[in-house]
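Asker: kindly generate the corresponding structure for this input.
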Amino acid sequence: HTIQQLEDYASSCASIQNLLLSLHSEGIASKWATGTIIRTHALRNLIGCKKDDMVVGLIMVGWTKQVPRMPRRRRVLEGDVLKDVNI
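Answerer: Down below sits the predicted model:
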């Protein structure tokens with residue numbers, strides 16, 4: 001890969017993370033899938049990829065049936081390390 005391709009990949013990943021955070025802030029569930037699914041000919045044909053295009057991931061978006069509750073936590077400094085502790 002060229003330096004430009006690596007920079008493009010990194011900026012695409014950052015953009016996807018920002019999108020996922022934005023969706024979460026609106027109460028919308030999402031999942032960023034990578035792996036085998038993004039390398040299949042079926043997906044590449046479906047989204048119209050050219051031979052040299054790189055698919056960074058598949059983003060699934062929807063509504064959850066139930067929103068999981070996050071445990072309450074606080075941060076504790078142990079030496080030089082800040083750790084999350086469930087309370």
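
Asker: where does the most centrally placed residue in the chain land on pLDDT?
Answerer: Compute the mean C-alpha point of the chain, and by C-alpha atoms, centre = their mean the closest residue is Trp32, 4.2 Å away. For Trp32, the model assigns a pLDDT of 96.

Asker: next: Val85.
Answerer: Reported pLDDT for Val85: 87.

Asker: contacting residues around it?
Answerer: Contact analysis of Val85 by C-beta atoms under 8 Å, 6 or more residues apart in numbering lists 73-76. From N, CA and C alone the C-beta is placed, and that goes for glycine too.

Asker: go again with 6 Å.
Answerer: Applying C-beta atoms under 6 Å, 6 or more residues apart in numbering to Val85 gives the contacts 74, 76.

Asker: for the helix or strand hosting it, list every residue counted as buried.
Answerer: Using DSSP states H and E, Val85 sits in strand 81-86. Residues of strand 81-86 include none that count as buried (16 or more other C-beta atoms under 10 Å).

Asker: can you check stretch 44-52 too?
Answerer: In stretch 44-52, counting by 16+ other C-beta under 10 Å, buried: nothing.

Asker: and the end-to-end length of that stretch?
Answerer: Stretch 44-52 has an end-to-end distance of 11 Å (C-alpha to C-alpha, to the nearest Å).

Asker: which residues touch stretch 11-30?
Answerer: By C-beta under 6 Å, 6+ apart, stretch 11-30 touches 32, 56, 61-62, 64.

Asker: so which of those comes closest to Ala10?
Answerer: Val56 (9.9 Å; C-beta to C-beta).

Asker: and the pLDDT at the closest residue in space to Ile87 that isn't next to it in sequence?
Answerer: In this structure, Ile87 finds its nearest non-sequential neighbour in Arg72, 5.0 Å apart by C-beta to C-beta, 6 or more residues apart in numbering. Looking at Arg72, its pLDDT is 82.

Asker: burial count for Arg72?
Answerer: 8 (other C-beta atoms under 10 Å).

Asker: next SSE after the longest helix along the chain?
Answerer: Criterion DSSP state H: the longest helix present in the chain is helix 3-25. Following helix 3-25 in sequence order, the next helix or strand is strand 29-33 (DSSP H and E).
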